[in-house]
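>>> Need the 3D shape of this:
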Amino acid sequence: MRYRPPSLADVIATLDVDCVGDHQFRATQLDNPVHHIAGGHIAAQALMAASRTAPGRTPHSVHVYYIRAGDAREPVDIHVDAARDGGTLSTRQITARQNGQILLEALASFSAPIESLDYYQPMPEVPDPDELQPIQEQLAEYADELGGHWVRPQPFDLRYVDPPPRLVVDMPEPPPRMRMWWRPNGSVVSDEVLHSCLLTYLSGTTMVEVALARRKQTPIGSFNALIDHALWFHRPVDLSDWVLSDQVSPSGVAGRGLTTSTMYNRAGQLVCIATQELYFGRGRA
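Predicted structure coming up:
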């Protein structure tokens, strides 16, 4: 059977984790040809599960360590420990297991609304997303490669300001950053937690690209594995409109690559800063 990439509806459906007990959840995975659980996906599911235990509060940060790979053909069990509930902040410890083995450990923090000083680093000057081609059009001349991988339908509409990895491999020098506008390929209900989880999912699938570009590689045919992943949600992200992700890889050392993404809404407000470290070593982390 020909593999069908997940749609936006598939991603949203699998983020709706099932409550199977007190602070116990079960998460269905998105299968793929190599049956590998995507790091951004399971991190988003962990964040969603934790949010179910902190009603009335919204995510402001999540810090994830990926312990081992899992099998996307089987569900994942997620346990949430209510570490603390303060007057403003709630902290949750999250453990994801499959067949008794730990796949992920995370800490997530949730905040009640509070009025305070608001400042942020300005958004860089970039072309408007309506002036840029969708990735499928930008890579149309590579449509015959890898069974149409570069032009496949995706859950998100991606529009690159800087060359994406497939173009970088043919360039003399990789660009210092990889900026792209993104938004869901379809409508999403107005839910701040869901939007934060979708942003987490997206960051797990795109931030690797800037580190790969520095290595003159693409996500296809190169080994990499997420080691850790952290996000800070500075203000609600509205996924009815575009989000700019300004991605850089400031360091590559000892078989690891560090990446950061600074995300802005269409109005130029900072909505999220994410960091991620990837392993490019001898084949298995």
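>>> would you list every one of the helices in the stretch 101-250 of the chain?
Along the stretch 101-250 of the chain, counting by DSSP state H, counting those that start in this stretch, helices occupy 135-138, 165-168, 192-206, 208-214.
>>> for Glu105, what are its contacts?
With contact set as C-beta atoms under 8 Å, 6 or more residues apart in numbering, Glu105 has these partners: 64-65, 67, 93-96. (Each C-beta comes from the backbone N, C-alpha and C, glycine too.)
>>> circling back to that earlier point, closest one to Met180 among the helices of the stretch 101-250 of the chain?
Met180 lies closest to helix 192-206 among these, at 7.0 Å (C-beta to C-beta).
>>> Mind listing what's buried along that closest one?
Buried residues in helix 192-206, counted by 16 or more other C-beta atoms under 10 Å: 193-206.
>>> other SSEs contacting that helix?
helix 8-15, helix 39-51, strand 58-66, strand 177-184, strand 225-233, strand 243-253, strand 256-265, strand 270-279 (3 or more C-beta pairs under 8 Å, 6 or more residues apart in numbering; DSSP states H and E).
>>> Format the ones you listed as TSV; extra columns: mean pLDDT and distance to Ala112.
Putting the helices and strands packed on helix 192-206 into TSV (pLDDT from 0 to 100; distance: least, C-beta to C-beta, whole Å) gives the following:
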stretch	mean pLDDT	distance to Ala112
helix 8-15	96	23
helix 39-51	97	13
strand 58-66	97	8
strand 177-184	96	27
strand 225-233	95	14
strand 243-253	93	24
strand 256-265	96	22
strand 270-279	96	19
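>>> Highest mean neighbour count out of those?
Mean neighbours per residue, mean count of other C-beta atoms under 10 Å, is largest over the helices and strands packed on helix 192-206 for helix 39-51, with a mean of 27.
>>> quick one: low-confidence ranges for this protein?
Low-confidence segments of the chain (pLDDT under 70): 1-3, 221, 282-285.
>>> switch to 90 and redo it
Residue ranges of the chain with pLDDT under 90: 1-6, 32-34, 113-119, 140, 142-153, 164-176, 205, 208-226, 252-255, 280-285.
>>> For it, list the residue farthest from the centre, please.
Within the chain, the residue lying farthest from the chain centre (C-alpha atoms, centre = their mean) is Gly87, at 29.4 Å.
>>> Out of the contacts of Glu105, the closest to Val237 would be?
Using C-beta to C-beta, the contacts of Glu105 come closest to Val237 at Val64, 18.2 Å.
>>> State the distance from the residue nearest to Gly204 when sequence neighbours are not counted to Cys197.
Spatially, and ignoring its direct neighbours in sequence, Gly204 is nearest to Gly40 (1.5 Å; C-beta to C-beta, 6 or more residues apart in numbering). Distance from Gly40 to Cys197, counting by C-beta to C-beta, to the nearest Å: 10 Å.
>>> same thing with Pro184?
Distance of Pro184 to Cys197, computed by C-beta to C-beta: 12 Å.
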